[in-house]
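[1] Have a look at this prediction, sequence included:
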Amino acid sequence: MEEIIAKVIRIDLDIYYLNIEHKNDIIASKLRGNLKKNKNILVGDIVKVEKVGQDFMIKDVIDRKNSLIRPPVSNIDQMVIVVSVGAPSPDYILLDKQLVLCLSKNIKPIICVNKIDLAIEDENAKKDIEYINNIYSKLGIDIVYVSAKTGEGVDILKKLLLGKTSAFSGNSGVGKSSITKNIINLSDDSVEIGDIGRKTKRGKHTTKSVRLYTTENDTYILDTPGFSSYELYDIEYRDLRRFYPEFLNYKCDYDDCMHVIEKEDVCAVKRNVLKGNIDKQRYERYVYIYNKLKEKYDRRYK
């Protein structure tokens, strides 16, 4: 009996839609009885399938490289974090949280700066582009500058996605779904697009379901609203410092230094913030996220 290796691209009740590896053929499958009780199948899972009569049955799940709770997906290679300049302006706290998530889950981050066409006349947009380039490129993160409106930079982004499973994340209204639809070249309405409301500056519609879209050469795109509202649900405040690459360049007097309540004379990170070697604003956002995580931790034991 031939064994098929495939990726789960969509789950609809008890039907699992799979893309056969290297063939780009989509099949519908069900779970074998022994898996129903023991396995929680996620979109993104790589599974072993067998054909029983005219039906395809999932018989096993290959070990995951990573998995997320919200949204429930697995085996993400890279995350395209979409931010926009202009309206809305970048949410840097959310951006930093997403970078922490990527580093903690062994996901490669890519920052996608959208609406660069606004930078021609908008001084704030120019400043945001300069800040992102100066601060985040030093961390070794790929940054792509695009305009969903004009199509500028989209081909560069497409090349970074080839052969990878990539998640798109970002606040409502940043153009995430518009970029995704451009890349996938969808002719239907499976990705809903909404213009930004003039009064609220928020997107009117968002993508509704967790689904992987296939393009070419085993390239998969995940577009879901789950990333824009998540918290760092499985990272404790003590571990947060590990996911700031710029902190790792400096050795504090104490190995357990959190870079928050310690004095500058023992904390090398704080000293280098004062010297300008570490961006002060990003450090302040680290302190904010740290305190939120600590508050959450402390509430667990009250």
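    Done, it's in.

[2] roughly how far apart are Cys257 and Tyr290?
    12 Å (Cβ to Cβ, to the nearest Å). Every C-beta, even on glycine, is put in place using the N, C-alpha and C of the backbone.

[3] now Ile41
    Ile41 is 35 Å from Tyr290, by Cβ to Cβ.

[4] got it, and Lys97?
    Counting by Cβ to Cβ, the gap from Lys97 to Tyr290 is 12 Å.

[5] neighbour count winner among those two?
    Using other Cβ atoms under 10 Å as the criterion, Lys97 and Tyr290 rank with Lys97 on top: 21 against 18.

[6] hang on, isn't that one packed against Leu232?
    Yes. Using Cβ atoms under 8 Å, Lys97 makes contact with Leu232 at a distance of 6.0 Å.

[7] Looking only at the longest strand seen in the chain, what residues are buried by neighbour count?
    In the chain, assigned by DSSP state E, the strand with the most residues is strand 3-12. Neighbour-count burial for strand 3-12, counted by 16 or more other Cβ atoms under 10 Å, picks out 4, 6-11.

[8] What pairs with that strand, parallel or antiparallel?
    In the sheet, strand 3-12 lines up against strand 15-20 (antiparallel), strand 46-52 (antiparallel) (DSSP bridges).

[9] hmm, back to that, between the buried residues of strand 3-12, which is closest to Ile129?
    In terms of Cβ to Cβ, no member of the buried residues of strand 3-12 lies closer to Ile129 than Ile9, at 34.5 Å.

[10] Quick check: that closest one vs Ser74, distance?
    12 Å.

[11] Of the strands paired with strand 3-12, flag the one that's most buried.
    Ranked by mean neighbour count, the strands paired with strand 3-12 are led by strand 15-20 with a mean of 18 (mean count of other Cβ atoms under 10 Å).

[12] Would you state the helices of the stretch 151-300 of the chain in chain order?
    154-161, 176-184, 268-275, 280-300 (DSSP state H, counting those that start in this stretch).

[13] Tell me which of the ones you listed lies nearest to Asp239.
    Between Asp239 and those, the tightest spacing by Cβ to Cβ is seen for helix 280-300, at 8.9 Å.

[14] The closest one vs helix 268-275, what angle?
    140 degrees (axes from the mean of the first three to the mean of the last three Cα atoms, to 10 degrees).

[15] residues in contact with helix 280-300?
    With Cβ atoms under 8 Å, 6 or more residues apart in numbering as the test, helix 280-300 has contacts from 92-93, 96-97, 100, 135, 231-232, 235-237, 240-241, 244, 246, 258-260, 269, 273.

[16] Next: stretch 262-279.
    135, 241, 246-247, 249-254, 257, 259, 280, 283.

[17] of these, closest to Val82?
    For the contacts of stretch 262-279, the nearest to Val82 is Ile135 (17.2 Å; Cβ to Cβ).

[18] The closest one - how many residues pack around it?
    Applying other Cβ under 10 Å, I find that Ile135 has 16 neighbouring residues.

[19] quick one on the thing from earlier: for the longest strand of the chain, what is the distance to the chain centroid?
    21 Å (Cα atoms, centre = their mean, to the nearest Å).

[20] tell me the mean pLDDT for that strand?
    For strand 3-12, the mean per-residue pLDDT is 91.

[21] Need the residues that contact it.
    Everything outside strand 3-12 that qualifies as a contact, by Cβ under 8 Å, 6+ apart, is 16-21, 26-27, 29, 41-51, 56, 62, 75, 165, 209-214, 220.

[22] follow-up on the earlier one: would you turn the buried residues of strand 3-12 into CSV with distance to Lys176?
    Shown next, in CSV, are the buried residues of strand 3-12 (distance: Cβ to Cβ, whole Å):
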residue, distance to Lys176
Ile4, 33
Ala6, 27
Lys7, 22
Val8, 22
Ile9, 19
Arg10, 19
Ile11, 22
